[in-house]
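Trainee: okay, predicted coordinates and the sequence, questions at the end:
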Amino acid sequence: MVAGPIRYDVYEFWDGDVNLQSRFRSYFYRIRALRRSTGETWEFPDGSVKLGGKPDLIALEQRRQERVLFREYIGRRCVLLPRRTFGRRCPRCWDSETGRKTIAKCLTCFDTSYVGGFWQPMEIFIQLDPNSKVQQNTVHGAEYQENTTGRMSFYPPAWPGCVIAEREGDRWRVVQVSTTQKLRAVIRQEMQLHRIVPGEIEYEFPIHWPDDWESAAERNFTNPQSPSDDLELPDYR
C-alpha cells in the first residue's frame, strides 16, 4: 500500500516515491473503495493494467491482424529478454553510497545493477531487416558495428536495454522504440537494434531453447502440393 484513505473531497493522489531515473518503467495502481455503512469493499481495476488508450473495435482488429501477420508470415520466432529496471540491487557490484556500479561484466546482475538482470524470457515474432555493417578505425584497432531495425506486434512491450535473442546465437540490444498507435492504443512497435558483440555479458544470460524450436511456422518450409515419396504418379510420356 502506497497511500492511505482519501479524505473529505480530495480525489487525487501524489506518489512521491516514484523513481524517475527509469523513464520507461511501468507503474500499476489499484484503488480500494470502502462503503462505510456496510463495510463492503471493491477494488478497481479488477486485475493489473497499464494506463493508456483503450483500443476501439478497429484497433482490436488491427492488433489481431498484426499478430497473425508476424506469427504466420513475416515474423521470425525469437526471444525477448525484458531488462529489469527495479528490484533488489546487486550486492556484488552496486555501491549504494555513490549510486553506481563498481565492476563490469557482473554475472549476478548482467550489468543492469538489479539481481537477475532480465525478467523471464518471452517468445516473440519479429521482422528483422538486413543489418548494416560498419567498420571504424580507432587507435585501438578496427571496431565493427552492426545495426538494424525490426518491428513486432504491440505485445510484449519492449524498451531500451531489452535484448532480443535469435536461436542461431545472435543477440540484439534494443536502442530505441517507437509505436504505431490509434487513439493512443498501441498497434505495432518499431525498434532500432544494435548487435551485441560476442563476449559481452548479455551472452551469459542463460536461455533454454526447446529442441523443436523453429524460426517460423512449419508450413512455411513445406509445400503441401509436393508429391509424397511413397506416391506413385502415372507416367504420361
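Mentor: Everything's here; your move. Numbering: from 1, shown residues only.

Trainee: I'd say residue 144 and residue 135 touch.
Mentor: Yes. Between residue 144 and residue 135 there is a contact under Cβ atoms under 8 Å: 5.6 Å. Using the backbone N, CA and C atoms, a C-beta is placed for each residue, glycine as well.

Trainee: residue 84 against residue 118, yeah?
Mentor: Yes. Between residue 84 and residue 118 there is a contact at 6.2 Å, judged by Cβ under 8 Å.

Trainee: okay, and the common contacts of those two?
Mentor: Residues touching both residue 84 and residue 118 (Cβ atoms under 8 Å, 6 or more residues apart in numbering): residue 112.

Trainee: buried sites along the host helix or strand of residue 61?
Mentor: According to DSSP states H and E, residue 61 maps onto helix 57-69. By 16 or more other Cβ atoms under 10 Å, the buried positions in helix 57-69 come out as 59, 62, 63, 66, 67.

Trainee: how close does the most centrally placed residue in the chain sit to residue 86?
Mentor: What sits nearest the mean C-alpha location of the chain, by Cα atoms, centre = their mean, is residue 158, with 3.4 Å. Noted for residue 158: a distance of 17 Å to residue 86, by Cβ to Cβ, to the nearest Å.

Trainee: do residue 187 as well
Mentor: Computed with Cβ to Cβ, the distance linking residue 187 and residue 86 is 27 Å.

Trainee: pull the helix or strand with minimum mean pLDDT from this protein.
Mentor: The weakest-scoring helix or strand in the chain, judged by mean pLDDT, DSSP states H and E, is strand 132-138 (a mean of 76).

Trainee: so what's residue 151 up against?
Mentor: Residue 151 makes contacts with 126, 127, 188, 189, 190, 191, as judged by Cβ under 8 Å, 6+ apart.

Trainee: do a quick rundown of the strands in this protein.
Mentor: Counting by DSSP state E, the chain has strands at residues 31-35, 40-44, 76-81, 94-95, 100-101, 122-128, 132-138, 141-153, 163-165, 171-182, 185-195.

Trainee: sheet partners, orientation included, of the first one?
Mentor: It refers to strand 31-35. Strand 31-35 has the following strand partners under DSSP bridges: strand 40-44 (antiparallel).
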